[in-house]
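Coordinates for the following, if possible.
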Amino acid sequence: MPTERLSMRRIRDLLRLKFENGLSSRLIATSLGISKGSVGDYLQRAQVAGLSWPLPDDMTDTALERRLFPGPPAPSVVPRCEPNWAQVDQELRRPGVTRSLLWQEYRADHPDGYGYAWFCQHYDAWKRRVSPTMRQNHAAGEKVFVDFAGDTIDVIDPLTGVAQAMKLFVAALGASSYVYCEARPSEGLADWIGCHVGMFAFFGGVTAIIVCDNLKSGVTKPDRYEPGINRTYQDMARHYGTTVMPARPYKPRDKAKVEQSVLLVERWVLARLRNRRHAAWTPARILAAAEKIGPATAALSQAIMTDRPHPEQGFRTCLGILALEKTYGPARLEAACQRGDQIKARSVSSIRSILKTGLDRAFLEPEPDPQPLSHGNIRGRAYFH
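Next comes the predicted model:
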């Protein structure tokens with residue numbers, strides 16, 4: 001633990017005992033209650049500061065402290081060479097060239113140069129200064145930005161239970177950023193037009209301009225100055241009294257509204273629905289799956305959903321009963337549901353108990369006796385009479 005610094009009054013006493021009374025460092029240390037090394041340190045500081053005894057009358061304690069403890073010297077600032085950011089930006093456009101590679105080349109030419117973090121930070125700052133982004137102002141009802149999201153969403157067919165990958169159509173109004181999204185089987189022309197019809201119905205009106213991406217269903221000839229619009233898409237725009245204005249090729253900032261809306265939909269819609277497969281079940285689908293096993297299974301499923309205040313409350317019970325088919329087979333499950341329907345058993349545990357204890361076997365249809373073999377070499381009973 002470092003020794004606490006003496007007050008300026010006690011340091012004055014130390015200097016007086018040394019230079020006026022001529023005491024040794026040991027006696028001074030004993031008198032002031034400090035170590036001999038501390039006495040030598042204060043005397044060394046006084047010598048470096050050029051102090052003599054007696055001290056000037058006008059020297060205050062603050063001035064004395066500044067002379068004895070001036071603090072660490074200010075670090076010398078040696079200017080270091082900055083990279084040529086324009087050249088760095090030009091080199092980064094070449095294939096395979098990375099920031100790390102350019103920084104290593106920079107440090108090879110300037111060993112005392114800046115670190116990699118500083119290099120990246122200052123390059124980003126330079127890039128923002130030389131490539132400013134214009135803020136777009138949109139009037140209400142002027143533009144709607146439309147596009148398909150890159151990721152697909154699985155939609156469960158309520159009748160077959162098959163998952164189908166669907167494309168997600170996203171639209172955003174320019175002024176309010178109001179978002180509309182719809183799942184469609186493809187990005188084909190029919191789905192593309194259908195999405196617009198649904199979008200206008202949802203918004204309750206039509207904007208003056210539709211800003212779309214350069215997908216084939218909407219744009220037949222991508223061009224910065226004179227793009228070619230699909231004829232059906234153009235007819236739809238004429239029908240609704242609006243205009244199609246495709247974004248410039250490879251310029252996502254032209255439709256930044258919808259690009260941000262796609263990210264919003266992926267986070268707030270798709271991410272929250274990722275574990276909602278059970279919501280695709282309907283009473284019709286439950287009964288259709290139960291009827292494949294047998295009429296008793298369908299009757300029990302219908303009774304379970306009827307007994308509940310809302311049919312969806314019985315979905316999990318019905319799904320649990322249908323899942324027993326994998327373990328016991330459809331025939332035994334059908335027999336167990338027939339017994340469960342007779343004794344008013346309406347839970348998964350009851351049907352499982354029937355199957356485990358074999359109480360379902362009394363309801364199984366008896367297997368027919370096998371027919372006797374018929375073959376020319378086999379003698380029947382008529383042979384012996």
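
can we go C-alpha only for contacts and neighbour counts from here?
OK.

Could you report the neighbour count for residue 179?
By the criterion of other CA atoms under 10 Å, residue 179 has 21 neighbours.

Need the phi and psi values for it.
Backbone torsions of residue 179, given as degrees, to the nearest 10, read phi -110, psi 140.

what's the longest helix in this structure?
In the chain, assigned by DSSP state H, the helix with the most residues is helix 325-342.

tell me the mean pLDDT for the helix or strand following it?
Once helix 325-342 ends, the next helix or strand along the chain (criterion: DSSP states H and E) is helix 348-357. Here helix 348-357 scores 91 as its mean pLDDT.

hey, C-alpha coordinates of helix 348-357 in PDB?
Provided in PDB are the C-alpha atoms of helix 348-357 (Å, rounded to 0.1, in the frame of the first residue of the first chain):
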ATOM      1  CA  VAL A 348     -55.700 -38.900 -23.800                       C
ATOM      2  CA  SER A 349     -54.700 -40.700 -20.600                       C
ATOM      3  CA  SER A 350     -58.000 -42.700 -20.600                       C
ATOM      4  CA  ILE A 351     -57.500 -44.000 -24.200                       C
ATOM      5  CA  ARG A 352     -53.800 -44.700 -23.400                       C
ATOM      6  CA  SER A 353     -54.800 -46.700 -20.300                       C
ATOM      7  CA  ILE A 354     -57.300 -48.700 -22.400                       C
ATOM      8  CA  LEU A 355     -54.600 -49.600 -24.900                       C
ATOM      9  CA  LYS A 356     -52.000 -50.400 -22.200                       C
ATOM     10  CA  THR A 357     -54.300 -52.800 -20.300                       C
END
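
what helices or strands is it leaning on?
In this structure, helix 348-357 packs against helix 315-323, helix 325-342, with contacts taken as 3 or more CA pairs under 8 Å, 6 or more residues apart in numbering; DSSP states H and E.

Next, the buried residues of the longest helix of the chain.
Buried residues in helix 325-342, counting neighbours by 16 or more other CA atoms under 10 Å, are found at 330-341.

low-confidence ranges in the stretch 1-150 of the chain?
Within the stretch 1-150 of the chain, the stretches with pLDDT under 70 are 1-3, 73-78, 131-135.

could you redo the last one with a cut-off of 90?
By pLDDT under 90, the weakly predicted segments of the stretch 1-150 of the chain are 1-82, 86, 93-97, 110-114, 125-139, 141, 149-150.

all helices of it, in order?
With DSSP state H, counting those that start in this stretch as the criterion, the stretch 1-150 of the chain has helices at 8-19, 25-32, 36-48, 61-68, 85-92, 99-109, 116-130.

got the angle between the first one and helix 61-68?
In this case it means helix 8-19. 60 degrees (axes from the mean of the first three to the mean of the last three CA atoms, to 10 degrees).

ok, residues contacting helix 8-19?
The contact list for helix 8-19 (CA atoms under 8 Å, 6 or more residues apart in numbering) reads 23-25, 28, 32, 39, 42-43, 53-54, 61, 64-65.

ok, back up a step: now render the buried residues of helix 325-342 as a markdown table, adding distance to residue 9.
A markdown table is the format used below for the buried residues of helix 325-342 (distance: CA to CA, whole Å):
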| residue | distance to residue 9 |
| --- | --- |
| 330 | 101 |
| 331 | 104 |
| 332 | 102 |
| 333 | 99 |
| 334 | 102 |
| 335 | 104 |
| 336 | 100 |
| 337 | 100 |
| 338 | 104 |
| 339 | 103 |
| 340 | 100 |
| 341 | 101 |
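
just checking, residue 259 touches residue 252?
Yes. Residue 259 is within contact range of residue 252, at 7.5 Å (criterion: CA atoms under 8 Å).

Which one of the two is surrounded by more residues?
For the pair residue 259 and residue 252, the greater number of neighbours falls to residue 259 (20 against 13), based on other CA under 10 Å.
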